[in-house]
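**Student:** could you look at this predicted model? Sequence included:
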Amino acid sequence: MTDSIDTARASADPLITDPRVTDPRQDLLAFATRGADTRVDLVGMERAALEAALVELGLPQFRTGQIWHWLYHRGATDFADMTTLAKPLRTRLAEVFRMSRPAVVTRQDSGDGTIKWLLRFADGNEAETVFIPEEDRGTLCLSSQVGCTLSCTFCHTGTQRLVRNLTPAEIVGQVMVALDHLNGFPTAQRDRRLTNLVFMGMGEPLYNLDNVVSALRVIMDGEGLSLSKRRITLSTSGVVPMMARCGEEAGVNLAISLHGTTDDIRDELVPINRKWPIAELLDACRAYPGVNNARRITFEYVMLKGVNDSVDDARRLVRLIDGIPAKINLIPFNPWPGTAYECSDDDTIERFAQVMLKAGYASPVRAPRGRDILAACGQLKSESVTLNKRERRAAEAAE
Ligand code: SF4
């Protein structure tokens with residue numbers, strides 16, 4: 001939209017026609033004058049919330065689309081750049097609102113093109129986000145929590161206690177930072193590098209489902225970040241009661257961190273299994289909304305030497321997932337300091353994959369990515385919490 005159209009609409013816009021602040025905006029402006037940090041953050045607001053904030057400021061409805069476009073399509077970080085808005089409006093918006101990004105503490109680039117960012121949020125907590133480029137896609141692995149409650153024994157993040165859930169703004173912010181670094185704005189590029197999202201970073205997304213779904217509504221909006229639900233996968237360790245809601249409200253692909261084929265083994269590897277054992281988990285997979293042959297459930301299976309990698313395990317896995325449209329990702333274990341596990345050897349992984357293949361399941365062995373920067377699956381960890389005694393001993397033993 002041009003400045004002249006903007007001027008023509010000014011008569012419908014009380015913020016421009018009458019810069020003196022009257023009732024509807026007073027609260028927000030008073031709030032804004034208390035200091036820069038107290039300005040209302042627009043990033044992560046769903047469309048309806050953004051519209052309500054703008055209307056509260058006395059702006060007409062059509063401003064929502066314009067500002068949304070600048071925020072999420074163009075990636076603006078400064079209201080001064082919103083050149084389709086008249087200058088007085090840009091100035092006023094900047095007084096009341098901000099457009100925040102998490103701060104980048106470090107960026108590490110792996111030799112294989114993987115990029116890991118350690119991000120710091122406004123309260124000082126930190127989480128990691130990883131970009132994995134492949135030939136036909138670029139996948140961003142998002143965190144949903146700082147730390148994790150679930151203590152999966154093969155996972156580095158699981159040694160870090162839960163600090164808190166990430167907000168929708170902090171989840172959307174991870175995408176914005178990645179797009180900034182990948183020159184991903186404007187988002188409508190034919191050769192866009194960031195094409196897929198997975199929630200496989202720090203945290204259990206189904207324990208933060210409200211915020212994840214809210215963030216996804218922003219991320220999937222076709223006039224902004226515009227990532228389709230078909231290209232988004234949410235990975236859960238098996239929070240059975242939340243799975244149906246995830247399918248209904250987010251409609252994204254589902255991945256299950258399975259990793260074991262008996263309850264005994266899975267109780268050890270993924271302790272949430274004691275609450276919702278394998279049979280219940282697989283029933284919830286069978287009932288997952290929208291699951292079909294075109295939209296299969298991914299089962300993640302980390303290959304741990306002598307623990308879960310036998311041919312018997314493979315055959316049991318085939319029997320377990322019978323009737324579920326599925327694919328299996330075999331993940332060579334990525335070691336981290338202090339772990340007791342080792343990665344299965346190549347022949348063992350190959351034998352396992354062959355059993356799956358003969359049973360008709362695609363079972364790619366996922367090439368480890370970003371190992372040199374501890375960005376591979378299960379290796380993420382920030383320093384947002386102090387280690388407890390057991391964890392400290394494990395970490396010390398590894399040094
Ligand atoms: S695998 Fe996922 S759910 Fe389990 S501890 Fe690690 S981050 Fe948490």
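**Tutor:** Received, thanks. Residues are numbered from 1 along each chain as shown.
**Student:** how about the secondary structure of the residue in the stretch 1-150 of the chain that the ligand sits nearest to?
**Tutor:** Distances between the stretch 1-150 of the chain and the ligand by CB to the nearest ligand atom are smallest at residue 148, namely 3.2 Å. In short, each C-beta sits where N, CA and C put it, glycine included. Classification of residue 148 using DSSP: H, G, I helix; E, B strand; the rest coil returns coil.
**Student:** mind listing what it touches?
**Tutor:** By CB atoms under 8 Å, 6 or more residues apart in numbering, the residues touching residue 148 are 155, 157-158, 160, 162, 202-204.
**Student:** take these and write them to JSON lines, including secondary structure and pLDDT.
**Tutor:** Below are the contacts of residue 148 laid out as JSON lines (DSSP: H, G, I helix; E, B strand; the rest coil; pLDDT from 0 to 100):
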{"residue": "155", "secondary structure": "coil", "pLDDT": "87"}
{"residue": "157", "secondary structure": "helix", "pLDDT": "76"}
{"residue": "158", "secondary structure": "helix", "pLDDT": "70"}
{"residue": "160", "secondary structure": "coil", "pLDDT": "77"}
{"residue": "162", "secondary structure": "coil", "pLDDT": "80"}
{"residue": "202", "secondary structure": "coil", "pLDDT": "90"}
{"residue": "203", "secondary structure": "coil", "pLDDT": "92"}
{"residue": "204", "secondary structure": "coil", "pLDDT": "94"}
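**Student:** and which of the residues you listed is nearest residue 48?
**Tutor:** Closest approach between the contacts of residue 148 and residue 48, by CB to CB: residue 203, at 26.0 Å.
**Student:** contacting residues for the residue nearest to that closest one when sequence neighbours are not counted?
**Tutor:** Residue nearest to residue 203 in three dimensions, not counting chain neighbours: residue 145, with 2.7 Å by CB to CB, 6 or more residues apart in numbering. Residues in contact with residue 145 (CB under 8 Å, 6+ apart) are 127, 162-166, 202-205, 207-208.
**Student:** apply 10 Å and report the result again.
**Tutor:** For residue 145, the contacting residues are 125, 127, 157, 160, 162-166, 170-171, 201-205, 207-208, 211-212, by CB atoms under 10 Å, 6 or more residues apart in numbering.
**Student:** residue contacts, residue 187?
**Tutor:** By CB under 10 Å, 6+ apart, the contact list for residue 187 reads 72-75, 175, 179, 194, 222-227.
**Student:** same thing but 8 Å
**Tutor:** Neighbour list for residue 187: 72-73, 75, 179, 224-226 [criterion: CB under 8 Å, 6+ apart].
**Student:** where does it sit: helix, strand or coil?
**Tutor:** For residue 187, the assignment made with three-state DSSP gives coil.
**Student:** now a ChimeraX select for only the buried ones of the contacts of residue 187.
**Tutor:** To isolate the buried ones among the contacts of residue 187 in ChimeraX, judged by 16 or more other CB atoms under 10 Å, type:
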select :72,73,75,179,224,225
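**Student:** and residue 176, how many neighbours?
**Tutor:** 24 (other CB atoms under 10 Å).
**Student:** quick one on the thing from earlier: and the contacts of residue 148 near the ligand, which?
**Tutor:** When CB under 6 Å from any ligand atom is applied, the members of the contacts of residue 148 adjacent to the ligand are 155, 157-158, 202-204.
**Student:** can you put those in CSV and add neighbour count and distance to residue 349?
**Tutor:** CSV is the format used below for those (neighbours: other CB atoms under 10 Å; distance: CB to CB, whole Å):
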residue, neighbour count, distance to residue 349
155, 26, 19
157, 25, 23
158, 22, 23
202, 29, 26
203, 28, 27
204, 26, 26
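**Student:** and which of these is nearest residue 137?
**Tutor:** Distance to residue 137 across these (CB to CB) is lowest for residue 202, with 22.0 Å.
**Student:** quick check: phi and psi on residue 226?
**Tutor:** phi 60, psi 50 (degrees, to the nearest 10).
**Student:** residue 188 is in contact with that one, correct?
**Tutor:** Yes: here residue 226 lies in contact with residue 188, judged by CB atoms under 8 Å, at a distance of 7.1 Å.
**Student:** any residues in contact with both of these two?
**Tutor:** residue 73.
**Student:** quick one: low-confidence parts of the stretch 201-350 of the chain?
**Tutor:** Of all residues in the stretch 201-350 of the chain, none has pLDDT under 70.
**Student:** switch to 80 and redo it
**Tutor:** For the stretch 201-350 of the chain, applying pLDDT under 80 flags the ranges 294.
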